[in-house]
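> No sequence on hand, only this structure:
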Ligand SMILES: [Zn+2]
């Protein structure tokens, strides 16, 4: 299978899960995601890689050459609902192209090179945080088993529908055989474009806390219940969303997002007696993450008290900010310059599997510019020349790390 341009490969891969919005919907543990695995797997085999899907659902293509710990290179193939063709896919397609280019020039790595697509990086379907890379890194993910999607299907059920057993996910642990991890990704933000730089060299990844908040008030008649006697769960939720926005605006680099809200019973003439909502909170430093965590708890408790609501705040995941490996950061910067690219050191405001893997082994991330800073959208775009440059830098970094 001959690989054309990087942009062409991404277009082809984007057919799996292509939706009516013009975007891609390829959520975790769905037939569309496994069809994408099949497409990538075929190309891995064509490069002579040994292809497996591990017990946690991670796609692996192993170039079994050399000795010692492997260089792991890749990203993810799952998307958010109506996402773009690039988020995650670029890192996997880029790894395929990088390996192909190294083979073309007759480079033989001194150590194994493994291409990976981690399962469920986005976490949108079940609300589980990086279950694929966590299992790979040796963390217990069975606690996510009862997490469920919008249709009530649990992660454990979704896995078993594809012939996988969550209880065996620990068998996916392979971090001990890995020496370093490289991930190419779109920036998903405005910085590279604004600064006119071609390659972002990622120095740190922001920490993230996810919450599920349930507010219980009292459903009642919208007309006969006086305003002062209402226990309106939605009003509480709205106040919390505004409070989070105001808090985050006042902190350096902190973001807060309420992305999913369920209002029950959901009648236009009924006071909302119950609300469930999600909170996504991010911070660039360990100290600011801890402070933001306390602020959420204070805010929820305060609003619940004032509105007469019962609040149940559950932290569904927590990841501290991660500083990436300084030696790899410098290496990426150097090889990028060697390829004639302009570079910028920058933190990543989005979470990535590199955050999980980078706690165990040295990790580096390479960013290419996102046109208009748009991501998690059908309009996600990076100029073809920037895609090629990113893969060129990834190949050079891979060559360096695997020598
Ligand atoms: Zn991604």
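On my side now, so go ahead. As the structure is a computational prediction, the values presented were derived from the model and not from experiment.

> From residue 122, how far out is the closest residue to residue 33 other than its chain neighbours?
Excluding the flanking residues, the one nearest residue 33 by Cβ to Cβ, 6 or more residues apart in numbering is residue 26, at 4.9 Å. For glycine as for every other residue, the C-beta is placed from the backbone atoms N, C-alpha and C. The span separating residue 26 from residue 122 equals 9 Å under the rule Cβ to Cβ, to the nearest Å.

> which neighbours do these two share?
Common neighbours of residue 26 and residue 122 are listed as 78, 79, 83 (criterion: Cβ atoms under 8 Å, 6 or more residues apart in numbering).

> which phi and psi does the residue lying farthest from the centre of the chain have?
Going by Cα atoms, centre = their mean, the residue of the chain most distant from its centre is residue 224, 46.8 Å out. Taking degrees, to the nearest 10, you get phi -90, psi -10 for the backbone angles of residue 224.

> Identify the residue spatially nearest to residue 139, adjacent ones excluded.
Spatial nearest neighbour of residue 139, chain neighbours left out: residue 356 (7.6 Å); criterion: Cβ to Cβ, 6+ apart.

> coming back round to it: comparing residue 26 and residue 122, which shows the higher neighbour count?
residue 26 (29 against 19; other Cβ atoms under 10 Å).

> That one is in what secondary structure piece?
Assigned by DSSP states H and E, residue 26 falls within no helix or strand.

> Surely the residue nearest to residue 139 is in a helix?
Yes. Residue state for residue 356 (DSSP: H, G, I helix; E, B strand; the rest coil) corresponds to a helix.

> separation between it and the ion?
As for residue 356, its distance to the ion is 13 Å (criterion: Cβ to the ion, to the nearest Å).

> Contact partners for that residue?
Counting by Cβ under 8 Å, 6+ apart, residue 356 has contacts 130, 133, 134, 136, 137, 139, 319.

> With residue 317 instead?
In this structure, residue 317 makes contact with 123, 127, 128, 129, 208, 209, 210, judged by Cβ under 8 Å, 6+ apart.

> ok, for the third one, nearest residue in space, not its chain neighbours?
When the adjacent residues along the chain are set aside, residue 128 lies closest to residue 144, with 4.0 Å between them (Cβ to Cβ, 6+ apart).

> confidence score at the nearest residue to residue 378 once chain neighbours are set aside?
Of all residues not flanking residue 378 in the chain, residue 23 sits nearest, at 3.1 Å (Cβ to Cβ, 6+ apart). Note on residue 23: pLDDT of 94.

> now do residue 2
So, for residue 2, pLDDT stands at 65.

> Could you do residue 351 as well?
86.

> what's the neighbour count on it?
For residue 351, the count of nearby residues is 24 (other Cβ under 10 Å).

> on that earlier part again, could you pull up the residues touching the residue nearest to residue 128?
Neighbouring residues of residue 144 by Cβ under 8 Å, 6+ apart: 126, 128, 131, 155, 166.

> got a winner among the residues you listed for most neighbours?
Neighbour counts for the contacts of residue 144 (other Cβ under 10 Å) peak at residue 131, which has 33 neighbours.

> Just want the phi and psi numbers for the closest residue to it other than its chain neighbours.
Spatially, and ignoring its direct neighbours in sequence, residue 131 is nearest to residue 141 (4.6 Å; Cβ to Cβ, 6+ apart). Main-chain torsions, residue 141, degrees, to the nearest 10: phi -110, psi 10.

> Hmm, residue 56 and residue 141 touching each other?
Yes. Residue 141 lies in contact with residue 56 (Cβ atoms under 8 Å); the separation is 6.8 Å.

> Worst mean pLDDT across the helices and strands of the protein, which element?
strand 322-323 (a mean of 88; mean pLDDT, DSSP states H and E).

> roughly how far is it from the heart of the chain?
Offset of strand 322-323 from its chain centre (Cα atoms, centre = their mean, to the nearest Å): 16 Å.

> related to what we said a few turns ago, now do the phi/psi pair for the residue nearest to residue 33.
The phi/psi pair for residue 26 (degrees, to the nearest 10) is phi -140, psi 80.

> doesn't residue 17 make contact with it?
Yes. Here residue 26 reaches residue 17: they are 3.5 Å apart, a contact under Cβ under 8 Å.

> Quick check: neighbours shared by those two?
Shared contacts of residue 26 and residue 17, defined by Cβ under 8 Å, 6+ apart, comprise 32, 33, 36, 79.
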